[in-house]
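Asks: structure for this input, please:
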Amino acid sequence: MQDDLVQVTTRGAVRTVTLNRPAALNSFTGAMHAQLLAALNAAADDAAVRAVIVTGAGRGFCAGQDLNDPEMSTPDGSPPDVGAVIEKHYTPLALRIRSMPVPVVAAVNGVAAGAGANFALGCDMVVAARSASFIQAFSKIGLVPDCGGTWLLPRLLGRARALGLALTGDKLPAEEAQRIGLIWQCVDDVALMDTALALATRLAAMPVKALADTRLALDSASMLDYAQALALEASLQRELGRAPDFAEGVAAFRDKRAPQFSDR
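Replies: Numbering: from 1, shown residues only. Coordinates of the predicted model:
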């Protein structure tokens, strides 16, 4: 990939995607967006990949949009079309993460600010180093949370905490983020990648099609009434109940052995 702005490694069934602009705290540029989306699409299309880890190189996860990126300026010095940047890069990224056919774990190794924070929170599970922090930095530059932040924050935290974080732009330490339920787990810095890999490996051994459908059901239920949520559950169970993983899970339970799941 050009300039290697995103590094990709694979260990077993786990694909690790690393943002690689450490000197700029892995802040987003148009070029990095292109490489990141390509890496996620490749993981989605590879049947051998059953879980994905997203992390950052160096001392930060992602500081959000690089305000010095050419896409944030215009030839005549007029204000940039920030909405166009969102539509071109952040909307596809947020939708790609939420539609991955396998679980996605964010391993947050330092600051996750602005769109970088919401990119992490859009992943299925977030494991953060104890030194990491989350910052809704948008209010500091006269913008609103993006990359799915306006949808994610109130659903994860409730309106009061979501508004508080968004309006103040205060730094939220990883330990506090775990305490209030914003992320899954906070661990010692030295244990971050081992913990993320162990979690992703565990998820990869599970019925990943059912895990992806669980994400779909939970996200959809927040916009459905009770009867509609029950109907969606029945529809998903109908499909999954006909798939090989259900038969394998039942057989393994009856045989008192470890299941070998294969659906994706």
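
Asks: wait, doesn't Asp146 sit right on Ala117?
Replies: No - with contact defined as CB atoms under 8 Å, Asp146 does not reach Ala117; the gap is 10.6 Å. Every C-beta, even on glycine, is put in place using the N, C-alpha and C of the backbone.

Asks: more neighbours, these two?
Replies: Neighbours around Asp146 and Ala117, counted as other CB atoms under 10 Å, are more numerous at Ala117. The numbers are 32 against 21.

Asks: tell me which stretches of the stretch 1-150 of the chain form strands.
Replies: Using DSSP state E, counting those that start in this stretch, the strands of the stretch 1-150 of the chain run over residues 6-11, 14-19, 51-56, 60-62, 104-108, 111-113, 125-129, 133-135.

Asks: so which of those strands is nearest Val190?
Replies: Of all the strands of the stretch 1-150 of the chain, strand 125-129 sits nearest to Val190, with 8.6 Å by CB to CB.

Asks: output the strands of the stretch 1-150 of the chain as CSV; include the columns mean pLDDT.
Replies: Converted to CSV, the strands of the stretch 1-150 of the chain look like this (pLDDT from 0 to 100):
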stretch, mean pLDDT
strand 6-11, 98
strand 14-19, 98
strand 51-56, 98
strand 60-62, 98
strand 104-108, 98
strand 111-113, 98
strand 125-129, 98
strand 133-135, 98
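
Asks: for these, give me CSV that also has distance to Ser220 and mean neighbour count.
Replies: CSV is the format used below for the strands of the stretch 1-150 of the chain (distance: least, CB to CB, whole Å; neighbours: other CB atoms under 10 Å):
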stretch, distance to Ser220, mean neighbour count
strand 6-11, 30, 15
strand 14-19, 26, 24
strand 51-56, 21, 26
strand 60-62, 27, 28
strand 104-108, 18, 28
strand 111-113, 26, 27
strand 125-129, 19, 26
strand 133-135, 25, 23
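
Asks: and the ones you listed: which comes nearest Pro244?
Replies: Set against Pro244 and scored by CB to CB, the strands of the stretch 1-150 of the chain come closest in strand 51-56, at 18.9 Å.

Asks: and the closest one with strand 6-11, angle?
Replies: Here the directions of strand 51-56 and strand 6-11 differ by 140 degrees (axes from the mean of the first three to the mean of the last three CA atoms, to 10 degrees).

Asks: so how far is strand 51-56 off the chain centroid?
Replies: From the chain centre to the centre of strand 51-56 is a distance of 8 Å (CA atoms, centre = their mean, to the nearest Å).

Asks: who does that strand pair up with?
Replies: The strands beside strand 51-56 in its sheet (DSSP bridges) come out as strand 14-19 (parallel), strand 104-108 (parallel).

Asks: what's the closest of the ones you listed to Ala94?
Replies: Among the strands paired with strand 51-56, strand 104-108 comes nearest to Ala94, with 11.8 Å by CB to CB.

Asks: need the residues that contact that closest one.
Replies: The contact list for strand 104-108 (CB atoms under 8 Å, 6 or more residues apart in numbering) reads 51-56, 61, 97, 119-121, 123-129, 132, 134, 174, 183, 192-193, 195-196, 199-200, 203.

Asks: CA atoms only: put it into CSV for me.
Replies: The C-alpha trace of strand 104-108 is given here as CSV (Å, rounded to 0.1, in the frame of the first residue of the first chain):
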residue,chain,number,x,y,z
VAL,A,104,-14.3,-6.3,15.3
VAL,A,105,-12.2,-5.5,18.4
ALA,A,106,-10.7,-2.1,18.9
ALA,A,107,-7.4,-2.1,20.9
VAL,A,108,-7.1,1.5,22.0
